[in-house]
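A.B. asks: Sharing a model that was predicted from the sequence below.
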Amino acid sequence: GPSESTTKSSYGGNASEIPVIALVMKSLANEFFVNMAAGAEAHHAENSQYYELIVNGIRNESNLAQQVALIDQMISSGVDAIVVAPADSRALVPALARADSAGIVIINIDNRLEPETLAEYDLQIPFIGPSNLTGAKMVGDFALQGLASGSEVAILEGITSAFNSIQRRIGFEQAVAEAGMDVVTLQSGEWDQSKAAQVTSAILSQFPELDVILAANDSMALGAASAVGLAAVDHEIVIAGFDNIPAIHPLIESGKVVATVDQFGDQLAAFGIEYALEVLSTGVVPQDRETPLELITAQSLPTY
Amino acid sequence: MTARIRIEGLCKSFAAPVLEEVNLQIMPGRIHGLVGENGAGKSTLINIISGLLSADAGTLELNGQVYRAPSRPQALQQGIALAAQELSLIDTLSVAENIFLSALPQNFMTVDRASLRKHAEELMAQVGLLAMSAHTPVAKLALAEKQLVEMAKALSMPADNCQLLILDEPASALTTPQVEKLHQILRERVATGLSIIYVSHRLDDVLSVCDDVSVLRDGIIVSTAPTTYLTANDLITAMCGQDLLEHRESSLRQAGDLRLKVDQLSSAIFPQSVSFECRRGEILGIAGLAGAGRSELLHTIFGLAPDRQGRVVLLNEGTEVEVRTASEAVKQGMALIAEDRKTQGNFADKPVSLNTTIAGLGKLGVALAVLLPRREERVSKELIDRLQVKCEGPRQSIDRLSGGNQQKVLLARWLQTESDVWLLDEPTRGVDVASKLTIHEQLRELRDLGACLLIVSSELEELTALCDRILVLSNRKVVATFEGGQWSNEQLLAEMFSAHRGQRAVNH
Amino acid sequence: MKTKSNPSNLFSRISLVFEELFIFLALLALVLIFSLAADNFFTTRTLVAILTQLPALTVVTIGMTLVLISGGIDLSVGSIVALSSAIIGVALTVFELPLLMAALLGIAAGGCAGLVNGVLGSYFRLPIFIVTLGMLEAGRGLAYMVTGSQTIFIGPSIQALSLPLPGIGVSPAFLIALGLVFISQLVLTRTVFGRYLIAIGTNEIAARISGIRTEPYLNAALLISGLLAGLGGLINAAYLGASDPNAATGLELSAIAAAVIGGTSLMGGRGSIIGAFIGVLIISVLQNGLAQLGVSEPFKRLTTGLVIILAVLIDRWRSRR
Amino acid sequence: MKTKSNPSNLFSRISLVFEELFIFLALLALVLIFSLAADNFFTTRTLVAILTQLPALTVVTIGMTLVLISGGIDLSVGSIVALSSAIIGVALTVFELPLLMAALLGIAAGGCAGLVNGVLGSYFRLPIFIVTLGMLEAGRGLAYMVTGSQTIFIGPSIQALSLPLPGIGVSPAFLIALGLVFISQLVLTRTVFGRYLIAIGTNEIAARISGIRTEPYLNAALLISGLLAGLGGLINAAYLGASDPNAATGLELSAIAAAVIGGTSLMGGRGSIIGAFIGVLIISVLQNGLAQLGVSEPFKRLTTGLVIILAVLIDRWRSRR
Ligand SMILES: Nc1ncnc2c1ncn2[C@@H]1O[C@H](COP(=O)(O)OP(=O)(O)OP(=O)(O)O)[C@@H](O)[C@H]1O
Ligand SMILES: Nc1ncnc2c1ncn2[C@@H]1O[C@H](COP(=O)(O)OP(=O)(O)OP(=O)(O)O)[C@@H](O)[C@H]1O
Ligand SMILES: [Mg+2]
Ligand SMILES: [Mg+2]
């Protein structure tokens, strides 16, 4: 830690001895992470005398190699701490091990690194973030309540292999199973609105009696809602999303989407940064912490 | 009377000077011939007048007014029509569209197809493209037909607008009757007062159609005179600076062993099956009108045609090898110089060295055989010298060479492979008189070394001067075979027309 | 020899008039296969769903086909769609402009991007592939900037464009796209502009020798492609009722695939807008059919790949004959 | 007239021998700008980071350049990288094969995909763009199937390939990539094979008339591209210590951009592997520098777009002179 910051100032000729923190995220094209970055930057604006911030993300969520490259770049630009939202729970560990051996403090947010893999590299990296599985179960339970058992449910997952997508899919599936309903089709909308709209309209042609669409993020929920609107279905279809992006609010208000989940992504990075600062000053490794989730519905919306 | 066009002190250099102080003046109503060796700068001069190149120095006047044409559209507007040496047709468009490409007739924002067709058909009839629909895509035409379309295109400019008509080797792929027809049109046009610049290597043509003729040598006009006082020999002397040796008449000689046997051969592009043989030390001419299928026959023999039936066998000291594909043919010692060097011969924008050595690389056997650039350039340099190719050296890109010199490079490509069965389609197209004799010498030398050569040429004189035997094709059939010395031009022509009667008449 | 009108002969005669015959048969085969495999495929509902989806891809493909015919390529269409839809979203929600104004702004933005492509690619003679690749990046960046990287909810006001019209069953967006298909096919085959595009795409040097100024035409093709991508952005926003700065990622490849399946040459000089439209239909039917069957993502990808190759195999078979 | 050796003349002389001079100067300019803008850019550490990242893109770009020179294009390289790395991951973790075996399997899989591309594109004469577009889809689908759509963690065993060698400071993967760059540049410029690729890319008909059987060479170019993409998959897996079925999405565009920035023509017949390598360096330096500056995503995209266009502008300026 301290040795790194001296290196940095000697290279940069920067007189102030404040630490540099790098926030490495997934796609900065995805508004969830954009909000997260905005939260971090707001935090930095208030505390700019205590640390410097570099924010980076990758082009799209699947580009692991680019995220690994980012970690390496952050190591070479001599940062003191890395707060990382890994695009993959396993593949990033080796790169983080390199950062660790360079004396950089690492905090894991959003998507938990796999404990076994961390153990393999003898790493201790604290995790701060919500449980996607719990969140999906929560929104699934809410959406399905009051519907007849045997109702037809479609699940729109994100990019099939993405960790969050898998977690949310499992959460949805648990909720469906508990409610005694059927998942008639599970398809990928690749986190994308248009793709989701297109898949949804095909699903509606195939399953005209469909009752519920559980989408693994709000973009796909938006897409599903527009497809439902265009298909002129003669019965109510319940749609639920995840992430609580602003664009979903009008749909929740109007009841076209019944619920979404807020992970407080904007605060997540700030939490991570504070932990990092704490570790840098005290040297003590903090424990994991699960952050809260909140179900957002038409009722909770006005107060939010 | 003011000159139609007046050129003074015109200079142009690329890497080396090409035009140095060219002065030229052409009067209205005259056909002005322009001759010179390959690479003398004729096309360069023409390209400057027609707005495709800009001059380094000098002035141009059109009808006494200063004339500037920084681009082709501006030149067109001022009445400069052009039939370019390297054809400028669009393969995917129809004949009619190509003819009127620079001024498509319009009708409510759309192309007026009826008027386009009508006017195109008139012009097609004039130049002798009779039996073909105006809507045929140009891609389907043979080279000679394309050349006629190019001509029709140049003639398409309305007479009241056209000041100067420039023809850069308009007839290099045409047969004698076609050329005569063309000359007749030019005489009619010129009577209305426009002027024509006519570039050709066929000096007899130049003398018969032109009123005046200028000779370009090493970038300077060395002489300008009315044709009435000139002979072909005068022109040659002015072009080369010396007399040419009279070429020796081909004497009747004893041909060698059988080398090439074509047996019941046919293909999608040459449907009537054909059989003949060719011996070592023999030059077999193939005569025919445009469209008679001469190129198709050569392509079929070489293994380039789809659906080939029958056999092509090469015999060598008792062994017989059948060839089916082009690469087998080349491996067995065949060579093809195709008619359209631009699309079928040149590797454009590649150096002369690559263009000369490419066919010979197959001899190295393995694909990973190592090439030594110095050795390649040396081989290439030797060939350049042997054929007197006018260029800056082996590294110059082939499309910077003049047309005739490109042709010599193609010949060089195959000399290098030591092929002994040669298929040559118009081997001296666009080649100047002196170089033509050089090429003829090379071909005779090949024959004397025991090669067998099949030559397609639209110039009967070339065939009668070179060949030991002549096969006549008419309407894609072999109609006659003449043994050495037993032919006359009249007999040949009669046979060439024989199967076309009532058929698709190519000209007359 | 007189030719009898046996079936193969009839086929080749029809395919002379209607060059797209074989690829059209491929489309029918695909529809047949899906109708047999999925219970509810051969229904009005599916038809309406497909026709509602395809206008954006259709208009973008028209522009792409024109550019390909002129010898270029336009990789930036996906980004331009996103940029235009972003601008429309912001104009409607933040600045509360009237819909028409917003729509024109979006299309104009597409036109600007297309013009930049065109000027760099024609007057500056930069490789068009690279210029439009640059625009692919830059346009996406601008779309993020305009929206603040957020999806903007627009609401039902804009969706009228995508809603099936009562009585007709198809949406105004579809009618616009279909109209543009026919108009641009006419422009391509019947106007000087279209003929010049073909000429330039076939042989640019010959076109110049023939006195055609090539730059304005190359420029116009890219400009039109940009404008149509801008329109695609409007249609996309109408379809989603929202503007998503991540929209239409990879759309350029779909548009190129549709054009090439429909007989357009990547070497320039040859192509048909009607053919490209059939290409769009093939892609849409394929995506819909696979989604209706609910096959797994890996299998979807595999099948898409194979069908694309098969489609050109069939077309190759036509041109062989 | 004697020419004096004024600077511009010196430039043109050098650029005759070293055609890639101008694009190399563009690279230096980029490095200079980032060194001034970012504190820690001009350091060994950054250099090592860049050199560790680029081998996968480099080997893929070599194959792409060869294919482009022969007149084709290979859109499937990204998917082949993913497929090869998926196979390697499964071979190592599920079947517990030795590393060498697994690596060979991955490369062989790339070779198979390349061979399918090659056979369809050369012997069947299908448009190569479409064939490889089909393979882009199909290969990705296979990668998902092989991995069950999950990232497979391999662990440190495979990473040796990507770790900087002590003393030298660069990784074995980099050395392999660099070696391949020089070998393939030699193959291209100094062997019959390379000469034939150039000839075929320039004028396929003339090449056939010159006795070259074009099919095997077109096929070989696509096969080599597939094999190199397979190697890219190995390098990628080594770099990540994992195989990700989503890896290398969009890699084809980066590889084409690198090749074209380095002077390769999309029309075939012209190109340089050394130039393409400089193109790869430009892309890597750009990505690294922007990341170190920590600029926002929209701005990153915008800058990437502009730099790509600028790079070819500079190169165009060379060829104008
Ligand atoms: N773009 C160019 N760059 C360099 N040199 C050129 C270029 N164009 C022509 N040349 C050179 O200029 C000279 C004159 O060429 P030009 O085509 O005018 O000859 P020509 O008289 O028409 O010959 P031919 O009878 O063979 O057609 C040739 O030596 C040729 O190599
Ligand atoms: N691909 C093609 N499709 C249809 N017709 C063709 C095609 N290629 C050539 N032809 C026709 O075949 C006929 C014979 O061709 P061509 O003129 O080359 O014979 P030729 O005797 O070699 O003539 P030339 O004097 O031009 O060498 C021409 O009328 C031409 O229109
Ligand atoms: Mg000439
Ligand atoms: Mg011919």
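C.D. replies: Received it, and whenever you're ready, just let me know what you need. Residues are numbered from 1 along each chain as shown, chains lettered A, B, ... in the order given. Ligands and ions are numbered 1, 2, ... in the order given.

A.B. asks: which SS class is residue B:159?
C.D. replies: Secondary structure, DSSP: H, G, I helix; E, B strand; the rest coil: residue B:159 is coil.

A.B. asks: What backbone torsions are found at it?
C.D. replies: For residue B:159, the backbone dihedrals (degrees, to the nearest 10) come out as phi -60, psi -30.

A.B. asks: show me what contacts it?
C.D. replies: Each residue near residue B:159 by C-beta atoms under 8 Å, 6 or more residues apart in numbering or on different chains is listed here: B:189, B:192, B:194. For every residue, glycine as well, the C-beta is placed using N, CA and C.

A.B. asks: From ligand 3, how far out is the closest residue to the last one other than its chain neighbours?
C.D. replies: Once flanking residues are discounted, residue B:194 sits nearest to residue B:162: 5.2 Å by C-beta to C-beta, 6 or more residues apart in numbering or on different chains. Applying C-beta to the ion, to the nearest Å, the value for residue B:162 to ligand 3 is 22 Å.

A.B. asks: One more: residue A:97?
C.D. replies: 70 Å.

A.B. asks: Check residue C:37 too.
C.D. replies: 64 Å.

A.B. asks: Can you give me the neighbour number for residue 63?
C.D. replies: Going with chain A. 23 (other C-beta atoms under 10 Å in any protein chain shown).

A.B. asks: sorry, should have said chain C
C.D. replies: 30.

A.B. asks: Render the CA-only coordinates of the helix or strand where residue C:298 lies in PDB, please.
C.D. replies: Element membership for residue C:298 (DSSP states H and E) is helix C:297-320. Provided in PDB are the C-alpha atoms of helix C:297-320 (Å, rounded to 0.1, in the frame of the first residue of the first chain):
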ATOM      1  CA  GLU C 297     -29.100 -20.200 -27.400                       C
ATOM      2  CA  PRO C 298     -26.200 -22.400 -28.600                       C
ATOM      3  CA  PHE C 299     -28.500 -24.200 -31.000                       C
ATOM      4  CA  LYS C 300     -30.000 -20.900 -32.200                       C
ATOM      5  CA  ARG C 301     -26.600 -19.700 -33.100                       C
ATOM      6  CA  LEU C 302     -25.700 -22.900 -34.900                       C
ATOM      7  CA  THR C 303     -28.900 -22.900 -36.900                       C
ATOM      8  CA  THR C 304     -28.600 -19.200 -37.800                       C
ATOM      9  CA  GLY C 305     -25.100 -19.800 -39.100                       C
ATOM     10  CA  LEU C 306     -26.200 -22.900 -41.200                       C
ATOM     11  CA  VAL C 307     -29.200 -21.200 -42.700                       C
ATOM     12  CA  ILE C 308     -27.200 -18.200 -43.800                       C
ATOM     13  CA  ILE C 309     -24.800 -20.400 -45.600                       C
ATOM     14  CA  LEU C 310     -27.600 -22.500 -47.100                       C
ATOM     15  CA  ALA C 311     -29.300 -19.500 -48.400                       C
ATOM     16  CA  VAL C 312     -26.300 -18.400 -50.400                       C
ATOM     17  CA  LEU C 313     -25.700 -22.000 -51.500                       C
ATOM     18  CA  ILE C 314     -29.200 -22.000 -53.000                       C
ATOM     19  CA  ASP C 315     -28.500 -18.700 -54.700                       C
ATOM     20  CA  ARG C 316     -25.200 -20.000 -56.000                       C
ATOM     21  CA  TRP C 317     -27.100 -22.900 -57.500                       C
ATOM     22  CA  ARG C 318     -29.300 -20.400 -59.400                       C
ATOM     23  CA  SER C 319     -26.400 -18.500 -60.900                       C
ATOM     24  CA  ARG C 320     -24.600 -21.700 -61.800                       C
END
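
A.B. asks: Give me the distance between it and the centre of its chain.
C.D. replies: Distance of helix C:297-320 from the chain centroid (C-alpha atoms, centre = their mean, to the nearest Å) equals 18 Å.

A.B. asks: buried sites along it?
C.D. replies: Residues of helix C:297-320 classed as buried: C:297-298, C:300-305, C:307-312, C:315-316, C:318 (neighbour count, 16 or more other C-beta atoms under 10 Å in any protein chain shown).

A.B. asks: got a list of what the closest residue to chain D within the stretch 151-300 of chain C touches?
C.D. replies: Proximity of the stretch 151-300 of chain C to chain D (C-beta to the nearest C-beta) peaks at residue C:298, 3.7 Å away. Residues counted as contacts of residue C:298 (C-beta under 8 Å, 6+ apart) are D:141, D:142, D:143, D:144, D:145, D:149.

A.B. asks: if you set the cut-off to 10 Å instead, what comes out?
C.D. replies: Neighbour list for residue C:298: A:160, D:138, D:140-149, D:245 [criterion: C-beta atoms under 10 Å, 6 or more residues apart in numbering or on different chains].

A.B. asks: In the stretch 351-500 of chain B, what residue lies closest to ligand 3?
C.D. replies: residue B:403 (4.6 Å; C-beta to the ion).

A.B. asks: and that residue, what are its phi and psi?
C.D. replies: phi -50, psi -50.

A.B. asks: what does the stretch 1-150 of chain B put close to ligand 1?
C.D. replies: Residues of the stretch 1-150 of chain B lying close to ligand 1 (C-beta under 6 Å from any ligand atom) are B:14, B:15, B:18, B:36, B:38, B:39, B:40, B:41, B:42, B:43, B:44, B:85.
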